[in-house]
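Asker: heads up, no residue letters with this:
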């Protein structure tokens, strides 16, 4: 079973910032937090990974509080093409995906 | 293009057929994975190979048989499948370094069992 909990779905509008939170209460010391994006009939695509505090790349930011029991993926100014399923994983010895969060971006 | 290729992209097979799915990674990674994704369901991890040794087998029926002849190639041999095995089969690879790694996925093989 996946060790993470995410909202099943979220709706947003173009141009808005979207924050998706993932709970991982049993995260271990060696675990990293990794987020993937998946479009229909395609394999997931790596978005961002972090261990603590904040990580930012060209597509997203990842915020991790000090206790690391949760994390928040932040997508700035989403567009229609960001409609996808987003998965949060805690990865060290476990590569299991949960149900993910289905994000729908509306015009 | 992620550097992970899968063939065929689509496969229709009868329940008595034997077929194989192929995955090749061009990234120099040391781990490869098979996942199954049924319609509107999460990805299910099937097999993990690390340094060409199988390190995980998630209670997958024996009608699915993986093979990893070298670090760049991964096969999934299929025989006497059931209609419920129809799904998208995804291959992934990663370079495991000190517990942190990114998985790169192939485009998948859409399998239909008739």
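Answerer: Thanks, I have it. Everything quoted here is computed from the prediction, not taken from an experiment.
Asker: Show me the residue sitting in the middle of chain B in space.
Answerer: When CA atoms, centre = their mean is applied to chain B, the residue found nearest the centroid is residue B:34 (2.9 Å).
Asker: ok, now which ones touch that one?
Answerer: Contact partners of residue B:34, counting by CB atoms under 8 Å, 6 or more residues apart in numbering or on different chains, are B:23, B:45, B:46, B:47, B:66, B:74, B:76, B:89, B:90, B:91. C-beta: built from backbone N, CA, C; applies to glycine.
Asker: again, but for residue B:44
Answerer: Taking CB under 8 Å, 6+ apart as the contact definition, residue B:44 lies against B:35, B:36, B:37, B:38, B:58.
Asker: helices and strands of the chain: which one bottoms out on pLDDT?
Answerer: Here I'm looking at chain A. For chain A, scoring each helix and strand by mean pLDDT, DSSP states H and E identifies strand A:84-91 as the least confident one, at a mean of 91.
Asker: meant chain B, my bad for not saying
Answerer: Of all regular secondary-structure elements in chain B, judged by mean pLDDT, DSSP H and E, the least confident is strand B:53-57 with a mean of 75.
Asker: can you list contacts of it?
Answerer: Applying CB under 8 Å, 6+ apart, the set of residues contacting strand B:53-57 is B:45, B:46, B:47, B:48, B:49, B:66, B:68.
Asker: which non-adjacent residue is nearest the residue of chain A found nearest chain B?
Answerer: With CB to the nearest CB as the measure, residue A:43 is the residue of chain A nearest to chain B, at 2.7 Å. Taking CB to CB, 6 or more residues apart in numbering or on different chains, and ignoring the residues beside it in sequence, residue A:43 has residue B:105 as its nearest neighbour in space, at 2.7 Å.
Asker: pretty sure that neighbour contacts residue B:90?
Answerer: Yes. Judged on CB atoms under 8 Å, residue B:105 makes contact with residue B:90 at a distance of 5.5 Å.
Asker: ok so, going back, and the residue nearest to the centre of chain B, what are its bridge partners?
Answerer: Taking DSSP bridges as the rule, residue B:34 bridges to residue B:47, residue B:91.
Asker: what is the residue lying closest to residue A:63 once chain neighbours are set aside paired to in the beta sheet?
Answerer: In space, not counting the residues next to it along the chain, residue A:63 is nearest to residue A:72; the distance is 4.5 Å by CB to CB, 6+ apart. Listed by DSSP bridges, the beta-bridge partners for residue A:72 are residue A:21, residue A:63.
Asker: Show me what the following helix or strand past the least confident helix or strand of chain B pairs with in its sheet, parallel or antiparallel.
Answerer: In the C-terminal direction, the helix or strand that comes right after strand B:53-57 (DSSP states H and E) is strand B:64-70. Using DSSP bridges, the strands paired with strand B:64-70 in its sheet are strand B:73-79 (antiparallel).
Asker: Contacts for the partner strand next, please.
Answerer: Residues contacting strand B:73-79 (CB under 8 Å, 6+ apart): B:13, B:17-25, B:32, B:34, B:46-47, B:49, B:63-69, B:85, B:89, B:91, B:111.
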